[in-house]
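In: Coordinates for the following, if possible.
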Amino acid sequence: MKKIVILLLLSLSLISCSKKHEIVKEINSFSDINELFQLKNYKTQIKMYVNDSTDHVTAQWDNFTLTGNLDTKMNAKTGIWSLKNKINTKEIQIDYIAFDKNDVFKNQIIFKEHNKIDSSVSKFFIIKNKTENELAMKFFSPSMRDEISKRAKIIYTIHQNREEIKTDSIVYDNLKGGKYSAVIKYNFKKGDDVSGYFSEIVMAKSPMDKDSLTMGNNSMYFIEKF
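Out: As a prediction, this is how the structure comes out:
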């Protein structure tokens with residue numbers, strides 16, 4: 001039986017230059033991304049009060065600038081954080097969901113250049129259309145080399161006045177391109193919301209061992225209010 005190796009690799013170069021030296025940061029995994037998004041690595045930090053539970057943070061490390069909101073009660077990142085390098089047009093955005101102080105989920109991870117999203121390495125979703133009769137969404141997940149199979153699933157629940165009205169799912173088998181369209185038909189009213197979860201499992205040939213397989217798992221939560 002072929003052994004399964006779980007890998008999730010992203011590649012992006014961020015270069016930071018100073019008068020005395022040049023720092024080249026090659027991002028090959030989420031551990032590298034985590035390093036650049038760790039506030040403890042930034043000596044210069046400015047915090048601005050937003051409300052009783054939120055501060056807006058701007059942090060500087062060489063030519064890197066990290067900005068986003070911090071939940072002061074849980075001391076955890078929340079919402080979209082942005083990492084920019086002032087010597088080029090590249091940007092990484094991570095959308096954080098803080099369930100608890102020690103349980104923070106990276107919901108969307110977006111790589112940009114010239115303010116344009118590179119959908120081949122990003123995981124994110126957009127609202128294509130929202131009316132009283134339908135909600136149209138599109139989910140994007142990173143592509144992998146030598147894909148063998150993939151399956152994606154969207155599970156959603158419609159609420160009215162906090163009461164669960166309908167739960168359903170949409171399944172996609174071996175859809176190429178990592179782009180998934182979903183249209184939810186319903187007679188929506190003001191105050192309704194649709195919340196759910198997207199998950200994609202991809203099996204591919206391992207680039208390191210011909211007798212092994214690589215498995216990628218991309219997932220996202222979403223909620224849209226009417």
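In: Residue 215 versus residue 170, what's the distance?
Out: Note on residue 170: its distance to residue 215, by CB to CB, to the nearest Å, is 22 Å. (Each C-beta comes from the backbone N, C-alpha and C, glycine too.)
In: got it, and residue 144?
Out: Taken as CB to CB, the span from residue 144 to residue 215 is 9 Å.
In: Those two: who's more crowded?
Out: Using other CB atoms under 10 Å as the criterion, residue 144 and residue 215 rank with residue 144 on top: 21 against 15.
In: which residues touch the more buried one?
Out: 202, 204, 214, 216 (CB atoms under 8 Å, 6 or more residues apart in numbering).
In: I'd guessed the third one sits against residue 149; true?
Out: Just to be clear, that refers to residue 214. No: in this structure residue 214 lies outside contact range of residue 149 using CB atoms under 8 Å: 11.8 Å.
In: which residues do the two both contact?
Out: Counting by CB under 8 Å, 6+ apart, the common neighbours of residue 214 and residue 149 are residue 203.
In: Neighbour count: those two, which is higher?
Out: Comparing residue 214 with residue 149 by other CB under 10 Å, the one with more neighbours is residue 214, at 23 against 11.
In: Buried among the contacts of residue 144? Need that as a selection in ChimeraX.
Out: Applying 16 or more other CB atoms under 10 Å to those, the buried members can be selected in ChimeraX as follows:
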select :202,204,214,216
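In: export the contacts of residue 144 to a markdown table and tack on secondary structure, pLDDT and distance to residue 75?
Out: Below are the contacts of residue 144 laid out as a markdown table (DSSP: H, G, I helix; E, B strand; the rest coil; pLDDT from 0 to 100; distance: CB to CB, whole Å):
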| residue | secondary structure | pLDDT | distance to residue 75 |
| --- | --- | --- | --- |
| 202 | strand | 91 | 34 |
| 204 | strand | 88 | 37 |
| 214 | strand | 84 | 35 |
| 216 | strand | 85 | 31 |
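In: In JSON lines, list the contacts of residue 144 along with distance to residue 50.
Out: Listed next are the contacts of residue 144 as JSON lines, based on distance: CB to CB, whole Å:
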{"residue": "202", "distance to residue 50": "38"}
{"residue": "204", "distance to residue 50": "42"}
{"residue": "214", "distance to residue 50": "41"}
{"residue": "216", "distance to residue 50": "35"}
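In: Would you mind listing the two of the contacts of residue 144 that lie farthest apart?
Out: Largest separation among the contacts of residue 144 by CB to CB: 202 and 214, giving 8.2 Å.
In: pLDDT score for the nearest residue to residue 179 once chain neighbours are set aside?
Out: Closest residue to residue 179 apart from its sequence neighbours, by CB to CB, 6 or more residues apart in numbering: residue 140 at 5.7 Å. Looking at residue 140, its pLDDT reads 97.
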